[in-house]
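> Return a 3D structure for these sequence lines:
(chains A and B)
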Amino acid sequence: MDNHAIARVLGEIADLLEIKGENPFKIRAYRAAADTVADSGQAVAALDEAGLRALPGIGKDLAARILELTSTGLVLYHQELLAQFPVTMLDLLRLQGVGPKTAALLYRSLQVASLDELEQAARSGRLRSLKGMGPRKEALILKALEERRQHAGRHLLPDTHDLAAALLAHLREASPGTEFIPVGSLRRGVDTCGDLDVLAIGGEPSLIETFTRYRLVERVLGRGDTKGSVLIRGGYQADLRLVPPDSRGAAMQYFTGSKAHNIALRDRAIARGLKLNEYGLFDLATGLPVAGDTEEGIYQALGLAFVPPELREHRGEIEAAERGTLPRLIERADIRGDLHCHTDATDGRDGIEAMAAAARDAGHEYLAITDHSQALAMSGGLDEARALEHARRVRAIDARMDGIRLLAGIECDIRADGTPDLAADCLAQLDLVIASVHSAFHQDEAQMTARVLRAMDCPWVDVLGHPSGRLLLKRQAVALDMARVIAAAAEHGMALEINSQVDRLDLNDMHARLARVRGVPLVIDTDSHSTGGFGMMRWGVTVARRAWLEAGDVLNTRPLEGLRAGLRRNRNT
DNA sequence: GCCGTTTTCGGCCCGACTGTTTTCAGTCG
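The predicted model follows:
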C-alpha cells in the first residue's frame, strides 16, 4: 500500500469525523497524520510501530490504525464511520462553499447524500427551506455543481502520475521483461489528465488479464487481444495497449498526442508521400516502413527535430522543429533554489532549520523563507515587528548553516484594495517579497486587475505569487487581465511565479509562455509548507517546459548572486 | 488524537467574508 492510499483513508476519516461534528482537534490530528504520510519520503507501509510513532503527529492510536490498514487493507474505525454516512457524501465536502456542517444538515434534513441528490434539492427549491439557507446560497451551490461538472472525470497531474506508478509496479511484477510506457496527457505533462494510457512494448496477451485484475479496478470496460480498458477507483479510465517492438516509437508518438499535434504531423506526412499511424511511418507508394521503432526516427523522417512531449500541443512546435528553433527546455537539474516556503512561524509545519536542511537535501543552493503576512490571520500571519524578528532569525540561522544559503523574505498579502499588507519600510528590509492574493476572490476583472496592478506598483514587491489564484478542479482563476499584469511586470522588472503546488500550477503554461515572450523573468517555487514539499518542484518545472521556458528564463536557475541581481529591488537601486 | 524544561491533563491558531441574519453560523485559507 503506497503512502497516498494510506493518506487517503486517514483523510476520509477526518472528513467523516468532521461531518459527525467530532472534536476538532481529533479531526486535525487525523488530517495532520494524512499530510505527514503523504509527504513522507519513505514508504510508510514498511514501518513498524516504533517507526510510525517517530513520525510527527503520529502517536499510539494513529500508529495502530496505520498498521491495521497496511496489514489488513481496511480500518474498522473507517468502515464504521462509512456505515453512518454514505461515501458519496464526501463529494459534497469538495464543493466550493459546502463544508461539514452543511453536508450534515443536508443529510439529516433532506437525506441528501450525493451531488445528484443535492442538485435535485437545489433545483426544486428545497434547499432554501433549511435554516441558514436562502436563494443566494442555493444559486451558489448550483454554480459550484456546474463547475464541478466541467471538471468531472479529470484528475490532477501528480495524482495521475502516482496512479500510473502503482499500476506500472503491478504490471512489472507480472511481466518483468516488458517495457511499460505511460503516454497521453500524463506524458505531455498537462495539468489535469482525463484518463491514463499505458503502452506495453512486446508484452504477452496475458498481460491484458493481469491488467484487468489490478486491485483498484472497479469495472472492466473492455478486453481484447491487444487492448484492455478499465475503470479504476477514483473515477479514472485506464487503457493498456500491447505494442510490437517495431512500432514502439510510432505508438508512443500516436498515443502521446495531442490530437491537434498528430493531425498536423499526419498532414505533413501526406505532403511528403508518407502515411503516419500508430504502427509506423510508411511510404504511400510502396507501403514499406520508413520509420516506427523510435520517435526520433519518425520526426527525423518528417524533416523535424525531435519535439519534446510537453510541446506537442500544436502551438507552433512543428514550425520551430522544422526551423531548428525549438527551445532547449529547462530541466529540474537547472533549478538551484526555491524562493517560496512557509515555516511553523505561520502555517508551515516545520522550523526554519528543518526546512533549510530539507531544501539542501533536495539539491538546492539557497532557499527563501517566505511566511505569511498579518492579513492571513488564521495562519498566524506576521505583522511588521514579527516579520523583522523572523528575518533576524533566518539570517542568524543562515550564518551558521553549511551547504545552503537562506534569504529572509515574506509572502505579503495583497489586500482587497491592492495595498500590500505590510508597510514599505518593513518590506524594504527583507531580501525578497512575494505578493499574493488570498482573499476577496470574487472581485470583477476591472477591480481585480486594478488591485493587482496597484500591488505591483510597490517597488519592494519582487514576485507576484500564484497570480491567477486558481485551484485546479475546484476554483476558477480570479478575473484578472493577465496581459496587463504581464506588461506591468515587464515594465517593473519584476518576476512572476510558477507555483508548483499540485492543485495550483499557477501561472499556467500559456501565461508563463506569454510572460517569457514579453521578457518577464519567472521563478519556479514549491510554496512548501513542510519538509516533504520540496519534491513538488518537478511539477512546476513541467509547467515551465510546457511554457517553452529555457533555464535562462527562470531566475532561480542562477547562482545566488545572480539571483539577487535579478530581483527587482536590486535592479532598480 | 497528539504532545510535554508550562509533562500525564489541558491545551491545541483565528480573522475576513458571505449570506443569513437582528447578533450569528459556516466556510475559507
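
> Just want the most central residue of chain A.
Central residue check for chain A by Cα atoms, centre = their mean: the C-alpha nearest the mean position is that of A:Val502, 1.7 Å away.

> Contact partners for that residue?
Contact criterion Cβ atoms under 8 Å, 6 or more residues apart in numbering gives A:Leu156, A:Leu157, A:Pro158, A:Asp159, A:Leu472, A:Met536, A:Trp539 as the residues in contact with A:Val502. (C-beta placed from N, C-alpha, C; glycine too.)

> Looking at these, spot the one nearest DNA strand B.
Minimum separation from DNA strand B among the contacts of A:Val502 (Cβ to the nearest atom of the strand) is found for A:Leu472, which lies at 11.8 Å.

> A:His161 versus that closest one, what's the distance?
Look at A:Leu472 and A:His161: by Cβ to Cβ, to the nearest Å, they are 14 Å apart.

> Same check on A:Gly280?
A:Gly280 sits 29 Å away from A:His161, going by Cβ to Cβ.

> Same check on A:Leu216?
With the distance defined as Cβ to Cβ, A:Leu216 ends up 15 Å from A:His161.

> These two: which has the busier surroundings?
More neighbours surround A:His161 than the other of A:Leu216 and A:His161, with 20 against 16 (other Cβ atoms under 10 Å).

> pretty sure that one contacts A:Gly184?
No: using Cβ atoms under 8 Å as the test, A:His161 is too far from A:Gly184 to be in contact (11.8 Å).

> Could you tell me which residues of the stretch 301-450 of chain A lie near DNA strand B?
For the stretch 301-450 of chain A, the residues found near DNA strand B under the criterion Cβ under 7 Å from any atom of the strand are A:347, A:375-380, A:416, A:438-442.

> how about these in a markdown table, adding distance to A:Gly409?
As requested, those are arranged in a markdown table below (distance: Cβ to Cβ, whole Å):
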| residue | distance to A:Gly409 |
| --- | --- |
| A:Asp347 | 16 |
| A:Ala375 | 16 |
| A:Leu376 | 15 |
| A:Ala377 | 20 |
| A:Met378 | 21 |
| A:Ser379 | 16 |
| A:Gly380 | 17 |
| A:Ala416 | 23 |
| A:His438 | 16 |
| A:Ser439 | 20 |
| A:Ala440 | 24 |
| A:Phe441 | 24 |
| A:His442 | 28 |
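
> least trustworthy position among those, going by pLDDT?
Looking at these, model confidence by pLDDT dips furthest at A:Met378: 68.

> Flag every residue of the stretch 451-573 of chain A that's near DNA strand B.
With the criterion set to Cβ under 7 Å from any atom of the strand, the stretch 451-573 of chain A comes near DNA strand B through A:Leu471, A:Arg475.

> which residues in the stretch 451-573 of chain A form helices?
Along the stretch 451-573 of chain A, the segments classed as helices by DSSP state H, counting those that start in this stretch run A:482-492, A:509-517, A:537-546, A:560-566, A:568-572.

> In chain A, what helix or strand scores lowest on average pLDDT?
Using mean pLDDT, DSSP states H and E, the weakest-scoring helix or strand in chain A turns out to be strand A:217-223, at a mean of 81.

> Now the element after that one, going C-ward?
As assigned by DSSP states H and E, the chain's next helix or strand after strand A:217-223 is strand A:227-232.

> neighbouring contacts of whichever helix or strand comes after that following strand?
Sequence-wise, the next helix or strand beyond strand A:227-232 is strand A:236-243, with elements assigned using DSSP H and E. Outside of strand A:236-243, the residues within contact range by Cβ under 8 Å, 6+ apart are A:153, A:155, A:160, A:163, A:167, A:171, A:194-203, A:205, A:207-208, A:211, A:221, A:225-232, A:251, A:255.

> So A:Ala285 lies in a strand, does it not?
No: with DSSP: H, G, I helix; E, B strand; the rest coil as the criterion, A:Ala285 is located in coil rather than a strand.

> Against DNA strand B, how distant is it?
59 Å (Cβ to the nearest atom of the strand, to the nearest Å).

> Next: A:Met401.
23 Å.

> Just the element for the nearest residue to that residue once chain neighbours are set aside, please.
Using Cβ to Cβ, 6 or more residues apart in numbering and skipping the chain neighbours, the partner closest in space to A:Met401 is A:Ala356 (5.8 Å). Following DSSP H and E, the helix or strand that holds A:Ala356 is helix A:352-361.

> In its sheet, which strands sit next to the following helix or strand past that helix, and in what direction?
Heading C-terminal from helix A:352-361, the first helix or strand you meet, by DSSP H and E, is strand A:366-372. Strand A:366-372 has its sheet partners listed here by DSSP bridges as strand A:337-338 (parallel), strand A:405-413 (parallel).

> tell me the mean pLDDT over the shortest one?
To tie it back to what came earlier, the one meant is strand A:337-338. Within the predicted structure, the mean pLDDT of strand A:337-338 is 98.

> Same question for the last one.
For strand A:405-413, the mean per-residue pLDDT is 96.

> Check stretch A:481-492 too.
Per-region confidence: stretch A:481-492 scores 96 on mean pLDDT.

> The helix holding A:Ala356 to strand A:366-372, inter-axis angle?
Here the directions of helix A:352-361 and strand A:366-372 differ by 140 degrees (axes from the mean of the first three to the mean of the last three Cα atoms, to 10 degrees).

> what residues does helix A:352-361 touch?
In this structure, residues lying in contact with helix A:352-361 by Cβ under 8 Å, 6+ apart are A:337-338, A:341, A:343, A:345, A:348, A:350, A:367, A:369, A:393-394, A:397-398, A:401, A:403-404, A:406, A:528, A:531-532, A:534.

> ok now it, how far from the chain's centre?
With Cα atoms, centre = their mean, to the nearest Å as the basis, helix A:352-361 stands 22 Å off its chain's centre.

> Check stretch A:317-324 too.
Remark: stretch A:317-324 is offset 29 Å from the chain centroid, using Cα atoms, centre = their mean.

> Now it: buried residues?
Of all the residues in stretch A:317-324, those buried under the rule 16 or more other Cβ atoms under 10 Å are A:Glu317, A:Ile318, A:Ala320, A:Ala321.

> quick revisit: any idea which of the residues of the stretch 301-450 of chain A next to DNA strand B is closest to A:Ile141?
Checking those against A:Ile141 by Cβ to Cβ gives A:His442 as the nearest, at 15.4 Å.

> one step back: orientation of the helix holding A:Ala356 relative to helix A:537-546 in degrees?
Angle between the axes of helix A:352-361 and helix A:537-546 is 50 degrees (criterion: the same axes, to 10 degrees).

> buried set for helix A:352-361?
A:Ile352, A:Met355, A:Ala356, A:Ala357, A:Ala358, A:Ala359, A:Arg360.

> And for stretch A:213-225?
With burial defined by 16+ other Cβ under 10 Å, the residues of stretch A:213-225 counted as buried are A:Tyr214, A:Leu216, A:Val217.

> what's near enough to touch the second one?
Pointing back at A:Leu216 there. By Cβ under 8 Å, 6+ apart, the contact set of A:Leu216 is A:Ala166, A:Leu167, A:Ile232, A:Arg233, A:Gly234.

> can you rerun that using 6 Å?
The neighbours of A:Leu216, taking Cβ atoms under 6 Å, 6 or more residues apart in numbering as the test, are A:Ile232, A:Arg233.

> Just want the phi and psi numbers for it.
Here the main-chain torsion angles of A:Leu216 (degrees, to the nearest 10) amount to phi -90, psi 0.

> cool, and A:Ala5?
A:Ala5 has phi and psi values of phi -70, psi -40 when expressed as degrees, to the nearest 10.

> and it, how many neighbours does it have?
A count of neighbours around A:Ala5, defined by other Cβ under 10 Å, yields 18.

> Can I get stretch A:163-181 in PDB, CA atoms only?
Listed in PDB are the C-alpha atoms of stretch A:163-181, where the atom choice follows Å, rounded to 0.1, in the frame of the first residue of the first chain:
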ATOM      1  CA  LEU A 163      -1.700   6.100 -10.000                       C
ATOM      2  CA  ALA A 164       0.400   5.200 -13.100                       C
ATOM      3  CA  ALA A 165       3.400   4.400 -10.900                       C
ATOM      4  CA  ALA A 166       1.400   2.000  -8.800                       C
ATOM      5  CA  LEU A 167      -0.200   0.400 -11.800                       C
ATOM      6  CA  LEU A 168       3.100   0.000 -13.600                       C
ATOM      7  CA  ALA A 169       4.600  -1.600 -10.500                       C
ATOM      8  CA  HIS A 170       1.800  -4.200 -10.600                       C
ATOM      9  CA  LEU A 171       2.400  -4.800 -14.300                       C
ATOM     10  CA  ARG A 172       6.100  -5.100 -14.000                       C
ATOM     11  CA  GLU A 173       5.800  -7.600 -11.200                       C
ATOM     12  CA  ALA A 174       3.800  -9.800 -13.500                       C
ATOM     13  CA  SER A 175       6.000  -9.200 -16.500                       C
ATOM     14  CA  PRO A 176       9.500  -8.000 -15.600                       C
ATOM     15  CA  GLY A 177      10.800  -8.300 -19.100                       C
ATOM     16  CA  THR A 178       8.300  -6.000 -20.700                       C
ATOM     17  CA  GLU A 179       8.800  -2.200 -21.100                       C
ATOM     18  CA  PHE A 180       5.800  -0.200 -19.900                       C
ATOM     19  CA  ILE A 181       5.400   3.400 -21.000                       C
END
